[in-house]
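Q: return a 3D structure for these sequence lines:
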Amino acid sequence: MPAIAPKGDRKGWTAIDDSFVVPFPLERVWGFMGDLPSVTACLPGAELIEHDSEKVKGKIAIQFGPMSANFAGAARLERDDGAHRAVMRGAGQDDISRSKANGDVTYALSDEANGTQTRVAVTLEYMLQGPLAQFSRSGLIKDFVRRMIADFGARITAQLGGTNIADAAGPSARFNVGSLVWSVVWDRIKRLFGRGE
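A: Here you go, the predicted model:
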């Protein structure tokens, strides 16, 4: 199933579509995706401060080479149980760089493999303002976001499979973008020279 289409060409916003497959039935994955503490545990560097069934306040720490960022903000989750679609709308600010971020993460679930697996189609729309805005539209960052989405899917699979990834990542673990970006760069180099290994 394709990702939910972006709302339109919003000036200054960047949109990225991707998807991942979780080896569990749709209803189980849908229930998990509505559990905000469990979902937060699948995001390295994320810390949940307060939440209810629809609203959340939290922080996410990012290390981008020599640049650090610690975004604090709030988001609201809107879910359509019948269509198995949802959108998380949020905004935050980094007190270090004074950068601001606005973003919508829309996801849609569909059955795969005769109901034994679930595809999660994701559309990420975001806008950065401030010093970090220089990174927002580069192809490298888009590759990085896709890698981050794949990692998020792997962590959801681990959680549903009984592995407590919160113990491994920890709420204070900083998301080292630099190391992940290097992994993306290396993959690009291998593709350039036709090396699949």
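Q: mind showing which ranges of the chain have poor pLDDT?
A: For the chain, applying pLDDT under 70 flags the ranges 1-9, 63-67, 135-141, 164-197.
Q: let's see that with 50 instead.
A: Counting by pLDDT under 50, the ranges of the chain that qualify are 1-6, 166-174, 197.
Q: ranges for the strands of it?
A: 14-22, 46-51, 55-64, 67-80, 85-94, 100-112, 117-129, 175-176 (DSSP state E).
Q: ok, now which ones touch the nearest residue to Val145 once chain neighbours are set aside?
A: In space, Val145 comes closest to Ile16 once its chain neighbours are excluded; the distance is 5.2 Å by Cβ to Cβ, 6 or more residues apart in numbering. No exception for glycine: its C-beta is placed from N, CA and C like everyone else's. Each residue near Ile16 by Cβ atoms under 8 Å, 6 or more residues apart in numbering is listed here: 123-125, 142, 145-146.
Q: closest to Val29 out of the strands of the chain?
A: strand 117-129 (4.3 Å; Cβ to Cβ).
Q: circling back to that earlier point, CSV for the strands of the chain, including distance to Phe32?
A: Formatted as CSV, the strands of the chain follow (distance: least, Cβ to Cβ, whole Å):
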stretch, distance to Phe32
strand 14-22, 9
strand 46-51, 15
strand 55-64, 15
strand 67-80, 12
strand 85-94, 12
strand 100-112, 10
strand 117-129, 10
strand 175-176, 21
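Q: if I look at the residue nearest to Val145, how far off is Asp111?
A: According to Cβ to Cβ, to the nearest Å, Ile16 stands 24 Å off from Asp111.
Q: how about Leu26?
A: Taking Cβ to Cβ, one finds Leu26 at 5 Å from Asp111.
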